[in-house]
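Undergrad: from the sequence below, what's the structure:
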Amino acid sequence: MSSTPWIGDKWFVSPFNFAPEVLSSMNLPKKVEIYDVTLRDGEQCPGVVFRSDEKVRIAQLLDEVGVHRIEAGMPVVSEDDFKAVKQIAQLGLKAKVKAFCRARRDDIDTSLRADVWGVLIELPSSKTLIERGYRWDEKRVLEMAVDAAQYAKAHGLHTTFFCVDSTRANPEYLKALITKVVKDAKVDAIAIVDTFGVTAPWGFAHLIRQVKSWVDVPIEVHCHNDMNLAVANSVSAVTAGAEVIHTNVNGIGERSGGAALEEVAVILRILLNMDIGLRLENLRKLSKYVEAASGVKMPPIKPVVGDQSFAYEAGIAVMFSVRFRDEGYLQGALPYLPELVGNEFKIILGKKSGGHSIAAKLRELGIQATEEQINNILTQVKNLSIQKKGPVTDEEFKEIVQKTLKT
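TA: As a prediction, this is how the structure comes out:
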């Protein structure tokens, strides 16, 4: 590790993240992988339907980012889903392709016909969900888990046991379920699932440490965003030793969605100094495609990929940003350079603009103006912004400039 990992060629973050006493409290794994679930969990966002060609394209774009594993879907949902999963599995991607299954042999058979590398087998793990949601008993879940996992393993599939509602489960039962499926079925990994987004980072990290003490297989984490903590919980799990993070492009998914791929990827790289082989510069292209294909519009202030993620309007902020940019050190005004993730820096004109904002925009246009003209333009920009209750567009700015310089 660099002696100053908080300062990179394209970022400048806090040294407090790397204080010795902070790092010594972590149990970082040797390797972390991203398992993206956009094509299944993301599509479960109400109203979202990906066509087969869109699923294939999303898989290709995920591969361009360097995601290690892709959940291509749940093949038993429909014939179209089956065909899409099989087509993705046969693309020859670098990413390993998995399918999502219920704990049923016929689900696993369908996944086998789809030529996937592996499967996730889901079962509820909390007493409330088992008894009141599924109307089963805990003994039945234990039996189903072992039978399905053994069947998948016997057919050569990489098998992850997916513990639905792990975070509301009775700890003793969760331990019994996990240890049994690892011992009796020899599963390759356990997925700890915050199905309803009800844990905080400190509680989730504690749970991961417990699970790591129970079994010696890789731990995957799947977090939902009901309290806006999916990303934080996923990252905290890594600091507790989790090896695989489940992500959703743009965070789309059921209810409030899941852990946003783009946010997790950046945090791992620049706040934990973990280079896991992702090509971050392709994140925005992926994000924009998923936004269009899903119809779920991202807010402009969406971290990492938003249209205004690297934008300033306030005069003072523009002033120091331009000064940093002129020195070739724009990260002095930002956590990291926008090109790291395929985004761009923007100066927005509006009510909060100052003289430096106007001067910077004029320079972009190659136009010179006196201080008096700049002040005149600024007044007009502010007035127009207040009048329209929004930013002044580049076209509107050019009209103001032309009118002012003619007088």
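Undergrad: doesn't Glu122 make contact with Glu71?
TA: No. Using Cβ atoms under 8 Å, Glu71 is not in contact with Glu122, being 11.5 Å away. C-betas here are computed from N, CA, C, even on glycine.
Undergrad: mind giving me the domain split of this structure?
TA: Domain assignment of the chain by automatic domain parsing yields the ranges 15-294, 311-406.
Undergrad: what are the ranges of the strands in this protein?
TA: Using DSSP state E, the strands of the chain run over residues 33-36, 69-73, 96-102, 118-124, 158-164, 189-194, 219-223, 244-247, 311-312, 346-347.
Undergrad: what pairs with the first one, parallel or antiparallel?
TA: Using DSSP bridges, the strands paired with strand 33-36 are strand 69-73 (parallel), strand 244-247 (parallel).
Undergrad: again with the fifth one
TA: Taking DSSP bridges as the criterion, strand 158-164 sits next to strand 118-124 (parallel), strand 189-194 (parallel) in its sheet.
Undergrad: for these, which one sits closest to Val141?
TA: strand 118-124 (5.4 Å; Cβ to Cβ).
Undergrad: now do stretch 283-293: everything it contacts.
TA: Here stretch 283-293 makes contact (Cβ atoms under 8 Å, 6 or more residues apart in numbering) with 38, 42, 50-51, 54, 57-58, 61-62, 64-65, 249-250, 252, 261-262, 265-266, 297-298, 304-305, 341-343.
Undergrad: out of the residues you listed, which are buried?
TA: Among the contacts of stretch 283-293, those classed as buried by 16 or more other Cβ atoms under 10 Å are 38, 42, 50, 54, 57-58, 61-62, 64-65, 249-250, 252, 261-262, 265-266, 298, 304-305, 341-343.
Undergrad: number of nearby residues for Arg363?
TA: Residues lying near Arg363 (other Cβ atoms under 10 Å) number 13.
Undergrad: actually Ile276, not the one I wrote
TA: By other Cβ under 10 Å, the residues close to Ile276 number 16.
Undergrad: name the nearest residue to it, sequence neighbours excluded.
TA: Sequence neighbours aside, Val32 is the residue nearest to Ile276 in space, at 5.3 Å (criterion: Cβ to Cβ, 6 or more residues apart in numbering).
Undergrad: and the residue lying closest to Gly133 once chain neighbours are set aside, bridged to which residues?
TA: Setting aside the residues directly before and after it, Gly133 is nearest to Pro124 in space (Cβ to Cβ, 6+ apart), at 6.5 Å. Bridge pairing for Pro124 (DSSP bridges) gives the partners Val164.
Undergrad: contacts only, for Pro124.
TA: 130, 133-134, 136, 141, 164-165.
Undergrad: for Gln44, which non-adjacent residue is spatially closest?
TA: Glu254 (4.8 Å).
Undergrad: in this structure that neighbour contacts Asp41, no?
TA: Yes. At 7.1 Å, Glu254 and Asp41 qualify as touching, with contact defined as Cβ under 8 Å.
Undergrad: quick one: which of these two has more around it?
TA: More crowded of Glu254 and Asp41, by other Cβ under 10 Å: Asp41, with 23 against 19.
Undergrad: so where is the stretch 201-350 of the chain shaky, pLDDT-wise?
TA: For the stretch 201-350 of the chain, no stretch is flagged by pLDDT under 70.
Undergrad: next, the buried residues of stretch 375-386.
TA: Those would be 376-378, 380-382, 384-385, for stretch 375-386 by 16+ other Cβ under 10 Å.
Undergrad: circling back to that earlier point, who has more neighbours, Glu71 and Glu122?
TA: Neighbour count, other Cβ under 10 Å: between Glu71 and Glu122, Glu71 has more, with 26 against 23.
Undergrad: in the sheet, who's paired with that one?
TA: With DSSP bridges as the rule, Glu71 is bridged to Lys98.
Undergrad: contacting residues around it?
TA: Here Glu71 is in contact with 35-41, 98-100, 120, 246 (Cβ under 8 Å, 6+ apart).
Undergrad: please repeat the previous calculation with a cut-off of 6 Å.
TA: Each residue near Glu71 by Cβ atoms under 6 Å, 6 or more residues apart in numbering is listed here: 37, 40, 98, 100.
Undergrad: do Lys153 as well
TA: By Cβ under 6 Å, 6+ apart, the contact list for Lys153 reads 159, 186.
Undergrad: pLDDT score for it?
TA: At Lys153, the model reports a pLDDT of 99.
Undergrad: same check, this time on the one 3 residues further on
TA: According to the model's per-residue confidence, Gly156 sits at a pLDDT of 98.
Undergrad: could you do the one 5 residues further on as well?
TA: Phe161 is assigned a predicted lDDT (pLDDT) of 99.
Undergrad: give me the number of residues near the residue nearest to Arg168 when sequence neighbours are not counted?
TA: Nearest in space to Arg168, with sequence neighbours left out and distances taken as Cβ to Cβ, 6+ apart, is Ser126 at 4.4 Å. For Ser126, the neighbour count with other Cβ under 10 Å is 22.
Undergrad: how about Arg325?
TA: Count around Arg325 with other Cβ under 10 Å applied: 17.
Undergrad: offset the numbering so it begins at 22, please.
TA: Sounds good: first residue 22 from here, last item Arg346.
Undergrad: OK, contacts around it?
TA: Shown in contact with Arg346 (Cβ under 6 Å, 6+ apart): no residues.
Undergrad: what's the distance between it and Ser406?
TA: According to Cβ to Cβ, to the nearest Å, Arg346 and Ser406 sit 23 Å apart.
Undergrad: one more: Gly278?
TA: From Gly278 to Ser406 the distance is 33 Å (Cβ to Cβ).
Undergrad: how about Met295?
TA: Using Cβ to Cβ, Met295 is found at 42 Å from Ser406.
Undergrad: kindly report the same for Val69.
TA: 35 Å.
Undergrad: swap in Ile79?
TA: For Ile79 relative to Ser406 (Cβ to Cβ), the value is 38 Å.
Undergrad: check Thr200 too.
TA: Counting by Cβ to Cβ, the gap from Thr200 to Ser406 is 62 Å.
Undergrad: do Ala221 as well
TA: 40 Å.
Undergrad: look at the closest residue to Pro192 other than its chain neighbours and say how many residues are nearby.
TA: Of all residues not flanking Pro192 in the chain, Gln231 sits nearest, at 7.2 Å (Cβ to Cβ, 6+ apart). For Gln231, the neighbour count with other Cβ under 10 Å is 15.
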